[in-house]
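Engineer: The sequence and its predicted three-dimensional model are supplied below.
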Amino acid sequence: MSDSLSRRSFLGRAALAGLGATLVPRHVLGGPGYQAPSDTLGIAGVGVGGVGHNKIRAMDSEQIVALCDIDLHHARDAFDAYADAAVYQDYRRMLDEMDDAIDAVMIATPDHTHAVIAQEAMQRGKHVYVEKPLTWSIEEANTLAQVADETGVVAAMGNQGHSLDDARLVNEYLQDGAIGPVREVHAWTNRPIWPQGMEKPEMLRRKPRHIDWDLFLGPAPAIAYDPAYHPFAWRGWFHFGTGALGDMGAHLIDHPVWALDLGYPDTIETRSSAFNGVSWPHASMTYFNFPARGDQPPVKLTWYDGGLQPPRPDGLPEDESLNALGGVIYTGDDGTLIHETYGANPRLLPEDQMAAYGMPPERYRRIQDESHEMNWVRAIKGEEELSQDFGYAARLTEIMLLGVVSMRAGNRRIHWDADARRVTNLPDANAYLAREDVREGWTL
């Protein structure tokens, strides 16, 4: 082997070619500039052809030891960027062959495969970072929270807004009583920005050789390959994604659930455009009713997607429109707080109230560099408290996916018993808490 071809570069290409290789644990490799495992983590990435590449890039102060993607062409930029990392299509083989080298796994596959990959990684003692939403179904979310608790690994969901300073500022305004008791919340998004409301493709397509379609499907039914599903457009398809609510709810609903300590809703009702059971609707609204908490009143949280927006809040300047990208409006007894997506910091309305109030006392620690990804890395090393664990992530995922359950129940209101995790008024809707058609070999 030439000096220009490192051992890991060879192993990666051997894995790609399907060749056998004897792996040497990284703790015995040593060499100039080598950092001990206590200083540098061995991180593997599963699903690195899209946003997963960005996540790995955010962690590249660590050792990126393995990269895995079902589409070897789509993930080529990531493979090229980390030429010393072993390359795989099958995460199971990666975990088998690279076990000693991997401390932690970043998972950014489509929603429907999050649970099965994360569960296996955790059961092998690997810390996990799973892109939002945590899972495709409510049952999967609670399973992952339980496995994380049992294994004791550091497990985080990738809704990076939870680690931003402005999220903490929202909490501080609201918990300082800046707008009084909050009774209504409105959260809106411009998603979907991918096709939805489509019919299933009818024409059979030849699958490219560089895609392992069986691994893409995972627990989903045996659906024939079509470029309408992959890459990225999978978000709009029922069996693979969770639609706009599943995608952006993990960001936007996160803030009020956290700031107001909302717990679980007791009733949920979705209203949507036509849903054909194949592709998520073009647009929807969901009404979540949260019961009172101590001396805090009940809260009605309304979700809007597909271009729908809430009413203009009182105090919004006449020459200003709601941010088309999305945001959250909190309506309290004494005023309004608005927190817009990719906008300025949260602000009180009307503007003179903001000027009179000033800044709330700082109650929440800030995350170093506002990096959600590196917070996970530092938490694994014991250097920083984890911003958001799977216990919270599972609760947030359950809340937003209850909107999907209501939609699938015919846009009917459902009554939710959080302790029993059951729909009490429409027993048939409980079938929608889990995937009903898991392929053999892919059960949790």
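Structural biologist: Okay, I see it. Residues are numbered from 1 along each chain as shown.

Engineer: could you say which helix or strand contains the residue nearest to residue 156 when sequence neighbours are not counted?
Structural biologist: If the residues on either side of it in the chain are set aside, residue 156 comes closest to residue 376, at 4.4 Å by Cβ to Cβ, 6 or more residues apart in numbering. All C-beta atoms are positioned from the backbone trio N, CA, C, and that covers glycine. Element membership of residue 376 [criterion: DSSP states H and E] is helix 372-380.

Engineer: Mind listing what's buried along the next helix or strand after that helix?
Structural biologist: Sequence order places helix 390-408 as the next helix or strand after helix 372-380, per DSSP H and E. The neighbour-count check on helix 390-408 (16 or more other Cβ atoms under 10 Å) flags 390, 392-408 as buried.

Engineer: just stretch 188-196 next, same as before
Structural biologist: Under the neighbour-count criterion of 16+ other Cβ under 10 Å, stretch 188-196 has 188, 189, 190, 191, 192, 194, 196 buried.

Engineer: tell me the contacts of residue 367?
Structural biologist: Shown in contact with residue 367 (Cβ atoms under 8 Å, 6 or more residues apart in numbering): 163, 164, 165, 375, 384, 387.

Engineer: swap in residue 195?
Structural biologist: Residue 195 makes contact with 228, 233, 236, 279 under the criterion Cβ under 8 Å, 6+ apart.

Engineer: Of these, which is the most crowded?
Structural biologist: Highest neighbour count within the contacts of residue 195: residue 236, with 26 neighbours (other Cβ atoms under 10 Å).

Engineer: wait, doesn't that residue sit right on residue 192?
Structural biologist: Yes: counting by Cβ atoms under 8 Å, residue 236 does reach residue 192; the two are 5.9 Å apart.

Engineer: overlap in contacts of those two?
Structural biologist: Shared contacts of residue 236 and residue 192 (Cβ under 8 Å, 6+ apart): 243, 280.

Engineer: Assign the closest residue to residue 55 other than its chain neighbours to helix, strand or coil.
Structural biologist: Once flanking residues are discounted, residue 55 sits nearest to residue 106: 5.3 Å by Cβ to Cβ, 6+ apart. Assigned with DSSP: H, G, I helix; E, B strand; the rest coil, residue 106 falls in the strand class.

Engineer: Tell me how far residue 324 lies from residue 316.
Structural biologist: Computed as Cβ to Cβ, to the nearest Å, the residue 324 to residue 316 distance reads 14 Å.

Engineer: Which of the two has more residues huddled nearby?
Structural biologist: Neighbour tally, residue 324 and residue 316, criterion other Cβ under 10 Å: the higher count belongs to residue 316, 16 against 13.

Engineer: List phi and psi for the nearest residue to that one once chain neighbours are set aside.
Structural biologist: Nearest residue to residue 316, sequence neighbours excluded (Cβ to Cβ, 6+ apart): residue 349, at 6.0 Å. As for residue 349, its main-chain torsions (degrees, to the nearest 10) stand at phi -120, psi 140.

Engineer: and the nearest residue to residue 211 once chain neighbours are set aside, how many residues sit next to it?
Structural biologist: Computed as Cβ to Cβ, 6+ apart, the closest residue to residue 211 that is not its neighbour in sequence is residue 71, at 4.9 Å. For residue 71, the tally of surrounding residues (other Cβ under 10 Å) stands at 21.

Engineer: I figured residue 71 was touching residue 210, is that so?
Structural biologist: Yes: in terms of Cβ under 8 Å, residue 71 counts as a neighbour of residue 210; the distance is 6.3 Å.

Engineer: contacting residues around the spatially closest residue to residue 342 that is not a sequence neighbour?
Structural biologist: The shortest distance from residue 342 to any non-neighbouring residue, by Cβ to Cβ, 6+ apart, is to residue 325 (5.6 Å). Contact partners of residue 325, counting by Cβ under 8 Å, 6+ apart, are 189, 190, 340, 341, 342, 343.

Engineer: Quick check: phi and psi on residue 325?
Structural biologist: The phi and psi values for residue 325, taken as degrees, to the nearest 10, are phi -70, psi -30.

Engineer: Starting from residue 221, give me the distance back to it.
Structural biologist: For residue 325, the distance to residue 221 equals 34 Å [Cβ to Cβ].

Engineer: Okay, buried residues for the helix or strand harbouring residue 167 please.
Structural biologist: Using DSSP H and E, the element containing residue 167 is helix 165-175. Within helix 165-175, the residues that count as buried by 16+ other Cβ under 10 Å are 167, 168, 169, 170, 171, 172, 173, 174.

Engineer: wait, the second one sits on residue 360?
Structural biologist: No: checked against Cβ under 8 Å, the pair residue 168 and residue 360 is beyond contact range at 10.1 Å.

Engineer: Doesn't residue 184 belong to a strand?
Structural biologist: Yes: counting by three-state DSSP, residue 184 is located in a strand.

Engineer: after the least confident helix or strand in the chain by mean pLDDT comes which helix or strand?
Structural biologist: Counting by mean pLDDT, DSSP states H and E, the chain has its least confident helix or strand at helix 7-17, which shows a mean of 41. Proceeding N to C from helix 7-17, the next assigned helix or strand is strand 42-46, under DSSP H and E.

Engineer: Tell me which residues touch the residue most central in space within the chain, please.
Structural biologist: By Cα atoms, centre = their mean, the chain has its centre lying nearest to residue 132, at 0.4 Å. When contacts are counted by Cβ under 8 Å, 6+ apart, residue 132 is found next to 157, 158, 159, 247, 250, 251.

Engineer: 10 Å instead, please
Structural biologist: Going by Cβ atoms under 10 Å, 6 or more residues apart in numbering, residue 132 touches 51, 108, 111, 114, 157-162, 242, 246-251, 254, 393, 396-397, 400.

Engineer: Please consider this matter closed, and thank you.
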